[in-house]
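In: Show me the folded form of this:
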Amino acid sequence: MTTEEKEIGEFLVARGGPFYELQKRLRLLHEDAQRSGKRAAIFVGLAWGVPLVLSLVAGDAFGQFANKPYLLAPATWARFFIAVGLFILMERHVEERLRIHLKQFAQAPLLAPGSFEPAAAAVTRALKRRDAPLSEAVCLLVAVGLAVLSAINMQDANASSWAVQVSADGSSLTAAAWWCVVVSSPIFWFLLFRWLWRLVVWAMLLRDIAGLELRLVATHPDGNAGLAFIGQYPNAYATFVFAMSCVLAAGIAEQLLSGGLAPATYGCVMAGWLLIVLALMAFPLQAFAKPLSDLRERTLLTCSSQATRHHRAAERALLGRNLSAAGDAEPTPVGDIPDPSKEFAAARKLSTFVFSRKALLPVSAAALLPLMVAGATQLPLKELFKVMKRLLLF
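Out: Sure, this is the predicted structure:
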């Protein structure tokens, strides 16, 4: 493997940045040992476990669903237990899958000889974006802002719960709620926006690579001129999508149980969420639409010109002359002009969008399954399966 190939494969999306360096200083991870399981347990303990202990002490952890105890609150399970845990556990898998996809540009090889150095430079720029302190600072500020908004929203409650105590004198947040505002919510939102930013970094890296000279061929059997492999990358984010869907599903379940969401609207919510997820996954891939479109047009034009010469020669061989523009006959015999018909047909079928339904099935299922579980609290399973089947096969 050349130096350029090694540099191209060194984009590790889950590493770098102030948060990563902080974890290294705290000895929660090492360069060669990410300790995802241990770190997930620690962050889940901070985000979900501490409020549980505080709720147990206050007597708000158990009870009837109508009293909204901590252990029966879907939002706390979804955000602070499932999502926070998965955001940490998914790091190694996403990192390895994206690294493999990126290295294939060099190993296929799809990069022209003169593109290896610019591609390595693009990876270097991506690593700088990944490690930028400003990006994580913005993520943290937004996370804190959303946590403050959640505190304001909780204080507007008209009934007591694990998070707020309502009395004649007004409402006040419990100790568990304050911990969630100060610690749990910022952890959840920060990890969420940090992953979203790194998806944007991945998108910008693919955009830089798409602008290089690539060894594409319209007749490639994958139907994408050799780029179909990069369309598989969304599968690496299935866990991330599942985590976000659990958070949305928790809100839907609460609304369905309280009557705030009509069952007829539920299917529209599922469809809308699926479209948002697919658009998010498609965003990094749209960079390849232009080079594929240009290749398709050039191939069709060149094959069309070649087909004219070939079939006019065949016409002369068969009929002795050309029926149109007979005075412009070429002396080249038909056997010396290859027939480009198959190449022309393949170019016409060339997809300019590296996005296949088969590749998106795991991501789509991850987006819909939690919402289906939420709907099962009020809707028949038979109807839910029908809705999910239509959305997965649309």
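In: where does the stretch 251-394 of the chain dip in pLDDT?
Out: 259-260, 263, 380-394 (pLDDT under 70).
In: got the residue ranges for the helices in it?
Out: Here the stretch 251-394 of the chain has its helices, by DSSP state H, counting those that start in this stretch, at 263-282, 289-319, 341-349, 357-375, 381-392.
In: which helices and strands does the fourth one pack with?
Out: Read it as helix 357-375. helix 238-258, helix 263-282, helix 381-392 (3 or more C-beta pairs under 8 Å, 6 or more residues apart in numbering; DSSP states H and E). All C-beta spots, glycine's among them, are computed from the backbone N, C-alpha and C.
In: For that helix, list the C-alpha coordinates in CSV.
Out: Coordinates of each C-alpha in helix 357-375 appear next as CSV, following Å, rounded to 0.1, in the frame of the first residue of the first chain:
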residue,chain,number,x,y,z
ARG,A,357,-33.3,0.6,-1.8
LYS,A,358,-31.6,-2.6,-0.8
ALA,A,359,-28.8,-0.7,0.9
LEU,A,360,-31.3,1.5,2.8
LEU,A,361,-33.5,-1.3,4.1
PRO,A,362,-31.6,-1.7,7.5
VAL,A,363,-31.6,2.1,8.0
SER,A,364,-35.3,2.3,7.1
ALA,A,365,-36.1,-0.6,9.5
ALA,A,366,-34.1,1.1,12.3
ALA,A,367,-36.1,4.3,11.7
LEU,A,368,-39.5,2.6,11.8
LEU,A,369,-39.3,-0.2,14.4
PRO,A,370,-39.3,2.1,17.4
LEU,A,371,-42.2,4.1,16.1
MET,A,372,-44.0,0.8,15.5
VAL,A,373,-43.5,-0.2,19.1
ALA,A,374,-44.8,3.2,20.2
GLY,A,375,-47.9,2.8,18.0
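In: Tell me what angle that helix forms with helix 238-258.
Out: 30 degrees (axes from the mean of the first three to the mean of the last three C-alpha atoms, to 10 degrees).
In: Show me which positions of helix 357-375 end up buried.
Out: For helix 357-375, the neighbour count (16 or more other C-beta atoms under 10 Å) marks 359-360, 362-368, 370-375 as buried.
In: Spit out the contact partners of residue 291.
Out: Counting by C-beta atoms under 8 Å, 6 or more residues apart in numbering, residue 291 touches 210, 211, 214, 216.
In: How about the contacts made by the first one?
Out: Residues in contact with residue 210 (C-beta under 8 Å, 6+ apart) are 287, 288, 290, 291.
In: Can you name the helix or strand that residue 166 falls in?
Out: For residue 166, the host element (DSSP states H and E) is strand 164-167.
In: on contacts alone, who are the packing partners of the helix or strand that that strand is followed by?
Out: Note on strand 164-167: by DSSP H and E, the next helix or strand toward the C-terminus is strand 170-173. Here strand 170-173 touches helix 133-155, strand 164-167, going by 3+ C-beta pairs under 8 Å, 6+ apart.
In: at 6 Å what do you get?
Out: With contacts defined as 3 or more C-beta pairs under 6 Å, 6 or more residues apart in numbering; DSSP states H and E, strand 170-173 has these neighbours: strand 164-167.
In: Tell me the helices and strands packed up against the strand it packs on.
Out: strand 170-173.
In: Show me which residues of the strand it packs on are buried.
Out: For strand 170-173, by 16+ other C-beta under 10 Å, it's 171, 173.
In: mind checking how far it is from the chain centre?
Out: 39 Å (C-alpha atoms, centre = their mean, to the nearest Å).
In: tell me the mean pLDDT over that strand?
Out: Strand 170-173 carries an average pLDDT of 84.
In: just to revisit the earlier point, export the contacts of residue 291 as JSON lines, with columns for secondary structure.
Out: As requested, the contacts of residue 291 are exported to JSON lines (DSSP: H, G, I helix; E, B strand; the rest coil):
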{"residue": "210", "secondary structure": "helix"}
{"residue": "211", "secondary structure": "coil"}
{"residue": "214", "secondary structure": "strand"}
{"residue": "216", "secondary structure": "coil"}
